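In: The sequence and its predicted three-dimensional model are supplied below.
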Amino acid sequence: MPRIPRNIPVSDRPAPSLRANFAATLAGNVLFGASQWAVLSLIAKLGDSAMLGQYALAVAIVTPIAMFSHLNLRAVLATDIEQKHPFGDYLVVRLGTTALGLTAILAIALASGYGWPVAPAVMVVGIALSTDNLSDIYYGLLQRRERMDQIARSMMARGLLSAAALGVALGLTRSLVAAVVALALGRVAVLLAFDRPAASAGESLARTGIGVQAAIFRTALPLGVVLMLISLVNNLPRYVIEHSLGTVELGAFAAVASFSTVGSTAVNALGQAATPRLARHFSAGELPRFRALALRLTAAAFLLGAAGVLAAALLGRFILGLVYRPTYSAYAGLLVWVMGAAVLSYVAIALGYVITSARSFVPQVPLLAAVACSAGVASWVLVPRLRLGGAALALAAASCVQIAGELWILRRTLRERGAAA
């Protein structure tokens, strides 16, 4: 295979194949997901169940705000195939929304009434997720070039460094706040040392003005609302668990539910790798190819979920005791319920990538609002009655609503695109 001359601009170099991009994205997401697992395992082993619950509560409080400020701007940038707006304008929007989101997180931490260590943990986790948002906009630039290999390297470094830093700090201090400070510093280091220089090499940071930036914000705003609502769907059962059952049970649920991230990691890798290709097929009016790739993506998501249920049923007790503590083996039955709900969640994630690649942003807002409402109502009804199993059922019910709505949006979008062709 001929080598690419070094003097060719980064944006002009041929993109890797879809298979190579998926492999790189999967590797990056798997290792990053494993690092998140390692964080929970380290807190469970070096701390205690209450500390794990406090960390889970801090993440649950911060994530919806961080996701709203995120705006899924990466998807907007990655699907801007014609490069209508320069990267500098996207970067300004991301910096502005991240600053506003971090301000809101700090205000909530101060006004929440939570004491030590939850309130300061909320603040520091907010800084960590804000740093992730900044890394993510550079990922969007790399994704548009289909350079998922560089994104994978960053995710590996970000996950390993932050988990190692948290483990060292927690081992030395036994303090949750010190541990999340170390985690945040690891994220900042990767942003400054790798993400920014790797993505911005050869890229103009020119800006065209507030008008274009406002237009980008308006385009991305529905996706920001969608991400916030998706985060709420995942976290509403956790709020009810903390309110009804306490932080120790919340920590147990967070530990068990983290296993569902194995499949979602793979589905997200598939979706991220397929998004540029799906967007090109849709933009070019190649609807049979678009449908075929969308079907492959959704089928893969379902099969991954089914494999997760089987693994939970056969190995759940052993894995829970190994990854956390032997006492967590008692939650093996809950793991099967969680992985069953995850099958539906994975399909919903895959369909979300398909719809986003067609730049059908606005219809997702009312759909996800309905999904969040269904998750909230189901959690409020089921958790007090069925305890942690009720939380898993609430997530399954919300995913059913989401899948039905996504299929309706996709059908309408394809019909409109076919009529316009």
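Out: Sure thing, it's come through.
In: so how far is residue 117 from residue 176?
Out: According to Cβ to Cβ, to the nearest Å, residue 176 and residue 117 sit 5 Å apart. (Each C-beta comes from the backbone N, C-alpha and C, glycine too.)
In: Can you work out which residues contact both of the two?
Out: Counting by Cβ atoms under 8 Å, 6 or more residues apart in numbering, the common neighbours of residue 176 and residue 117 are residue 54.
In: Between the two, point out the one with more neighbours.
Out: The residue with more neighbours, out of residue 176 and residue 117, is residue 176; 25 against 19, by other Cβ atoms under 10 Å.
In: Confirm for me that the more buried one is in contact with residue 51.
Out: Yes: under the criterion of Cβ atoms under 8 Å, residue 176 makes contact with residue 51 at 5.3 Å.
In: Overlap in contacts, those two.
Out: By Cβ under 8 Å, 6+ apart, the residues touching both residue 176 and residue 51 are residue 43.
In: Check the burial of residue 327 by counting its neighbours.
Out: 12.
In: Could you find the closest non-adjacent residue to the spatially most central residue of the chain?
Out: Centroid check for the chain by Cα atoms, centre = their mean gives residue 268 as the closest residue, at 7.9 Å. Excluding the flanking residues, the one nearest residue 268 by Cβ to Cβ, 6 or more residues apart in numbering is residue 29, at 5.8 Å.
In: In this structure the one you found contacts residue 269, no?
Out: Yes: counting by Cβ under 8 Å, residue 29 touches residue 269, with 4.3 Å between them.
In: Quick one: list the elements packing against the longest helix seen in the chain.
Out: Determined from DSSP state H, the single longest helix within the chain is helix 287-323. Helix 287-323 sits against helix 260-283, helix 332-357, helix 388-420, with contacts defined as 3 or more Cβ pairs under 8 Å, 6 or more residues apart in numbering; DSSP states H and E.
In: just the angle between the second one and helix 260-283, please?
Out: Following axes from the mean of the first three to the mean of the last three Cα atoms, to 10 degrees, one obtains 20 degrees for the angle between helix 332-357 and helix 260-283.
In: Averaged pLDDT, the very next helix or strand once past helix 332-357. What do you get?
Out: For helix 332-357, the following helix or strand on the C-terminal side (DSSP states H and E) is helix 364-386. On average, the pLDDT along helix 364-386 is 92.
In: Distance from helix 364-386 to the middle of the chain?
Out: 19 Å (Cα atoms, centre = their mean, to the nearest Å).
In: Check which residues of it are buried.
Out: 364-365, 367-368, 370-376, 378-380, 382-383 (16 or more other Cβ atoms under 10 Å).
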